[in-house]
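attaching a predicted model along with its sequence, questions to come.
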Amino acid sequence: MTTDLLPLLLAAMSGGIVALLLTLFGGGGSVLAVPLLLYVVGVQDPHVAIGVSAAGVALNALTALAGHARAGRVLWPCATLFAITGATGAWFGSTLAKMIDGHQLLLIFAVAMAAVGVSMLRPRAALAGSEPRLTWAMSPGVGLTGIGVGSAAGFFGIGGGFLIVPGLMASTGMSLATAQATSLLSVAAFGATTAGNYALSGWLDWSLVAAMAAGGLVGTTAGLPLARRLGSNAVLGRRLFAGLILIVAAYVAIRAASGV
């Protein structure tokens, strides 16, 4: 367990950044958590970084979810089914990731980050009309998509959570803005499941998790009014964030390939 003040402060700052991005962009905002823990906070073991990021992101997502829920932006039936089925996939994905060497896992993670950046650069249609209601006919598709997305999220330590927003949009037909808010329940569920799995192997530093959660409260508080004001600048914001992700992905790949 980390007790030094500097890494705890850096973990709190990282939690604030991740929570801010989660509030603005939904599940995709969690993709920077592992690189921040490795290269800013100084966590040495990639598996510990993934375990801490999963737990910290889960707690940060809950605070962001509360804010969006109070604003009425969350579609709870769709969110609940997607989160429950996806949690089973997250357990499978995180179990598989624990069997892989840490540096090899980071190389795969860098590829996933690049995919996140590219996906965020692609234009997305803003669906018109009313938001969907969960029906029996829709449920199998939502559940199966949740399992697939949850598996990726568990494998990458919630870095695969970037798939949650497009997964919700594809399986339910909800709009981008609603999917970003609704995705936060799945981010919390997948993160908690992954963190629990890593905790069983001793790959969880609870003091860093607590620091990330504390910083996340500040990030969420700052992010909620920004999310309301983003409006017409949302596309520009996503592109800038996508560019940052691609740069970090290249950095992670170089560090992992060199074994540093």
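Looks like it arrived, so ask away. Since we're looking at a predicted model, the values are computed, not measured. Residues are numbered from 1 along each chain as shown.

so where's this structure uncertain?
26-29, 123-129, 158-161, 227-237, 259-260 (pLDDT under 70).

closest to the centroid, which residue in it?
For the chain, the residue sitting closest to the mean C-alpha position, by Cα atoms, centre = their mean, is S30 at 3.2 Å.

that residue touches G56, doesn't it?
No - counting by Cβ atoms under 8 Å, S30 does not reach G56; the two are 9.2 Å apart. Using the backbone N, CA and C atoms, a C-beta is placed for each residue, glycine as well.

mutual contacts of the two, please.
The overlap between the contact sets of S30 and G56 (Cβ atoms under 8 Å, 6 or more residues apart in numbering) consists of 18, 191.

ok, which stretches of the protein are helices?
5-25, 33-36, 46-70, 76-98, 102-121, 139-156, 164-172, 176-200, 206-230, 234-257 (DSSP state H).

got a markdown table for the ones you listed, with distance to E131 and mean neighbour count too?
Below are the helices of the chain laid out as a markdown table (distance: least, Cβ to Cβ, whole Å; neighbours: other Cβ atoms under 10 Å):
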| stretch | distance to E131 | mean neighbour count |
| --- | --- | --- |
| helix 5-25 | 19 | 22 |
| helix 33-36 | 29 | 26 |
| helix 46-70 | 14 | 26 |
| helix 76-98 | 9 | 22 |
| helix 102-121 | 22 | 19 |
| helix 139-156 | 14 | 23 |
| helix 164-172 | 9 | 24 |
| helix 176-200 | 6 | 26 |
| helix 206-230 | 17 | 20 |
| helix 234-257 | 18 | 16 |
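
so which of those helices is nearest P132?
Smallest distance to P132 across those (Cβ to Cβ): 4.9 Å, for helix 164-172.

now the angle from the closest one to helix 5-25?
Between the axis of helix 164-172 and that of helix 5-25 there is an angle of 30 degrees, by axes from the mean of the first three to the mean of the last three Cα atoms, to 10 degrees.

with just CA atoms, put helix 164-172 into PDB.
Extracted C-alpha coordinates of helix 164-172, given in PDB (Å, rounded to 0.1, in the frame of the first residue of the first chain):
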ATOM      1  CA  ILE A 164     -19.800   1.200 -24.100                       C
ATOM      2  CA  VAL A 165     -21.200   4.400 -25.700                       C
ATOM      3  CA  PRO A 166     -21.200   3.000 -29.300                       C
ATOM      4  CA  GLY A 167     -22.500  -0.400 -27.900                       C
ATOM      5  CA  LEU A 168     -25.400   1.300 -26.200                       C
ATOM      6  CA  MET A 169     -26.200   3.400 -29.300                       C
ATOM      7  CA  ALA A 170     -26.000   0.400 -31.600                       C
ATOM      8  CA  SER A 171     -28.100  -2.000 -29.500                       C
ATOM      9  CA  THR A 172     -30.800   0.500 -28.300                       C
END
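
which residues touch it?
Helix 164-172 is contacted from outside by 26-28, 75, 78-79, 82, 86, 119, 124, 127, 132, 134, 138, 141-142, 145-146, 148-149, 153, 174-176, 179-180, 182-183, 186-187, 190, using Cβ under 8 Å, 6+ apart.

thanks again, I'm all set now.
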